[in-house]
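**Student:** Next input, structure requested:
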Amino acid sequence: MKIYFASGNLHKKQEMQALFPEFDLVIPSEEGIHFDPEENGSSFLENSLIKAQALWNMVHHPVLADDSGICVDILKGIPGIYSARYGGKDFPKGRPDGTKPTQEEQNQFLIQETDCALQELASQGKALPENPRSCRYVCAMVLYLGPDRFYSAQETMEGSLIQSLDLSRGTGGFGYDPIVILAGTDKTIAQLSAQEKNGLSHRGKAARGLHQILMSLVPPANN
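**Tutor:** Numbering: from 1, shown residues only. Below you'll find the model as predicted:
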């Protein structure tokens with residue numbers, strides 16, 4: 001059975017396809033569908049719903065959508081829902097002209113802004129948190145079967161930022177993965193295998209919850 005995945009990100013599609021192996025996940029561009037909804041929600045869940053509803057209105061077929069990002073505790077959750085367009089301390093919600101920094105620039109911005117926040121805390125004579133660079137990935141995922149019938153799950157993956165960009169490592173994953181150390185390990189997310197990441201990630205956890213629902217409500221073909 002075909003399910004539309006509300007994304008243009010092929011890396012995400014590959015991760016999701018591995019998490020829903022019984023189904024044929026299709027992103028809009030693969031069928032020539034122009035899909036670029038305005039993600040103007042105030043939370044991961046709102047943005048996920050915006051994408052799911054927008055694509056369902058175009059295809060009238062089951063849709064999976066997710067919104068995810070990284071939240072740094074010392075920065076009070078920055079960049080959060082703006083992770084994809086984060087432009088550093090000056091442009092935490094993205095640059096006014098809409099241009100997006102390279103991922104390496106975004107990684108550097110996030111480390112620098114975290115350093116500044118920690119230095120400011122120290123200059124005020126305040127004690128640093130036990131894990132001063134703690135952060136987490138957050139994913140809100142929606143299984144959308146129609147305006148009156150949808151399901152959602154939100155999950156996290158805990159970690160901490162590396163101290164400097166030259167400590168980034170790993171070639172797997174995408175986005176901020178090379179600068180995030182998985183909690184309880186010395187590995188960055190980018191050093192995990194695809195199978196390891198799917199088993200531990202925010203997206204993997206949310207997907208497994210919705211997969212169980214999907215299997216009970218919309219059995220795949222040939223079952």
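**Student:** Low-confidence stretches in the chain?
**Tutor:** Low-confidence segments of the chain (pLDDT under 70): 218-223.
**Student:** The biggest helix by length in the chain - contacts with which helices or strands?
**Tutor:** Determined from DSSP state H, the single longest helix within the chain is helix 103-123. For helix 103-123, the packing partners by 3 or more C-beta pairs under 8 Å, 6 or more residues apart in numbering; DSSP states H and E come out as strand 63-72, strand 149-161. All C-beta atoms are positioned from the backbone trio N, CA, C, and that covers glycine.
**Student:** Figure out how far the first one is from the centre of its chain.
**Tutor:** By that I understand strand 63-72. 4 Å (C-alpha atoms, centre = their mean, to the nearest Å).
**Student:** Compute the distance from the centre of the longest helix of the chain to the centre of its chain.
**Tutor:** Counting by C-alpha atoms, centre = their mean, helix 103-123 comes out at 20 Å from the chain centroid.
**Student:** List the buried residues in it.
**Tutor:** In terms of neighbour count (16 or more other C-beta atoms under 10 Å), helix 103-123 has its buried residues at 106, 107, 108, 109, 110, 111, 113, 114, 115, 117.
**Student:** Among the helices and strands packed on helix 103-123, which comes closest to residue 14?
**Tutor:** With C-beta to C-beta as the criterion, residue 14 lies closest to strand 63-72 of those, at 13.6 Å.
**Student:** That closest one - contacts with which helices or strands?
**Tutor:** The helices and strands touching strand 63-72, judged by 3+ C-beta pairs under 8 Å, 6+ apart, are strand 2-5, helix 10-19, helix 44-59, helix 103-123, strand 134-146, helix 202-217.
**Student:** let's go with 7 Å and repeat that
**Tutor:** strand 2-5, helix 44-59, strand 134-146, helix 202-217 (3 or more C-beta pairs under 7 Å, 6 or more residues apart in numbering; DSSP states H and E).
**Student:** Show me how far the shortest one is from its chain's centre.
**Tutor:** Okay, so that is strand 2-5. With C-alpha atoms, centre = their mean as the basis, strand 2-5 stands 18 Å off its chain's centre.
**Student:** Adjacent strands (with direction) for it?
**Tutor:** As defined by DSSP bridges, the strand partners of strand 2-5 come to strand 24-26 (parallel), strand 63-72 (parallel).
**Student:** okay if I get those as TSV plus mean neighbour count and distance to residue 198?
**Tutor:** Formatted as TSV, the strands paired with strand 2-5 follow (neighbours: other C-beta atoms under 10 Å; distance: least, C-beta to C-beta, whole Å):
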stretch	mean neighbour count	distance to residue 198
strand 24-26	17	14
strand 63-72	25	14
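**Student:** Quick one, which of the ones you listed gets closest to residue 43.
**Tutor:** Residue 43 lies closest to strand 63-72 among the strands paired with strand 2-5, at 8.4 Å (C-beta to C-beta).
**Student:** which one is the residue nearest to the spatial centre of the chain nearest to, not counting chain neighbours?
**Tutor:** Residue closest to the average C-alpha location in the chain (C-alpha atoms, centre = their mean): residue 68, at 2.6 Å. Spatially, and ignoring its direct neighbours in sequence, residue 68 is nearest to residue 139 (4.0 Å; C-beta to C-beta, 6 or more residues apart in numbering).
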